[in-house]
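**Q** okay, predicted coordinates and the sequence, questions at the end:
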Amino acid sequence: MKSAAVFVLIVASVISVPLAAQWANYPTPGLPRAANGDPNLTAPAPRAPDGKPDLSGLWDKISTKYSRDITADLKPGEVQPWAEALVRERTEDLGKEYPGAHCLPLGPLYMTAGGSTAAGMMKIVQTPTLIIILNPDLTYRQIFVDGRKLEADPNPSWMGYSVGHWEGDTLVVESNGFNDRTWLDREGHPHTEALHTTERYRRKDFGHMEIGVTLRDPKVYDKTWAVTAVAQIAPDTELIEYVCNEDAKDALEHW
């Protein structure tokens, strides 16, 4: 029994080394704290050297309503019949064609996704001319804030094309050029390559951010509509990679 205990201790020590190396419990530099050391998430929002609000940081997105059903606020008939039929088919198939199940990027779903390891977190890196959003599943977005216009005739891609500008303290992001292979939510609502989105990011204080998303795709939906999400800073931890292909075969077999 003694040798078995020693073996377990050695294995536990070996396993703990890479976990510690991932900075999963490293204090966030510059994080305001209360007298007892707890993060003060209601402290004033930081500003970048150019005076703009600094959105940089690791964020937990919270969007249980719209990540499940992006059309939750639409009325009957505002989703075209063929799209409603496709959603029913995907539901009956238990979502087996969900892009995440096949280790494919989620595309516009990242905007509202929340509560999952692969899509619920995002790390924002802000510079004066480029904002980068990193996701745990190794996908990323580039938001150009250098004055360029959206591509007029984009080559459709998984993550689309994004340009941003500031309206006061709100970052406004326009995106297009998404391919039609992704879903807008976990229920399977589709979109076409005509999809255009507008996001509005407003950091209310140090630890809280509002995210508004307006969607327009006249080939599927009979109106332009808006949804909202919120995000909270994730203190004293770091982004840890999630590699879907490590367990994709096993997951699909169980599916």
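**A** Thanks, I have the structure now.
**Q** strands of the stretch 1-150 of the chain, start to end?
**A** 57-62, 121-126, 130-134, 140-144 (DSSP state E, counting those that start in this stretch).
**Q** including mean neighbour count, mean pLDDT and distance to residue 162, could those go into JSON lines?
**A** Backbone N, C-alpha and C define where each C-beta goes, glycine included. Formatted as JSON lines, these follow (neighbours: other Cβ atoms under 10 Å; pLDDT from 0 to 100; distance: least, Cβ to Cβ, whole Å):
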{"stretch": "strand 57-62", "mean neighbour count": "20", "mean pLDDT": "93", "distance to residue 162": "17"}
{"stretch": "strand 121-126", "mean neighbour count": "20", "mean pLDDT": "96", "distance to residue 162": "13"}
{"stretch": "strand 130-134", "mean neighbour count": "17", "mean pLDDT": "97", "distance to residue 162": "9"}
{"stretch": "strand 140-144", "mean neighbour count": "17", "mean pLDDT": "97", "distance to residue 162": "4"}
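**Q** quick one, which of the ones you listed gets closest to residue 173.
**A** strand 140-144 (5.5 Å; Cβ to Cβ).
**Q** and the angle from that closest one to strand 121-126?
**A** Angle, strand 140-144 to strand 121-126, by axes from the mean of the first three to the mean of the last three Cα atoms, to 10 degrees: 30 degrees.
**Q** direction included, what does the helix or strand following strand 140-144 pair up with?
**A** The C-terminal neighbour of strand 140-144 among helices and strands, as given by DSSP states H and E, is strand 161-167. Strand pairing for strand 161-167, using DSSP bridges, gives strand 140-144 (parallel), strand 170-176 (antiparallel).
**Q** got the CA positions of the one helix or strand residue 200 maps to in CSV?
**A** Per DSSP H and E, residue 200 falls inside strand 196-203. The C-alpha coordinates for strand 196-203 follow below in CSV (Å, rounded to 0.1, in the frame of the first residue of the first chain):
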residue,chain,number,x,y,z
HIS,A,196,-24.6,41.9,-41.6
THR,A,197,-24.1,42.5,-37.9
THR,A,198,-23.5,45.5,-35.7
GLU,A,199,-22.0,45.1,-32.2
ARG,A,200,-21.9,47.7,-29.5
TYR,A,201,-19.4,47.2,-26.6
ARG,A,202,-19.7,49.5,-23.6
ARG,A,203,-17.5,48.9,-20.5
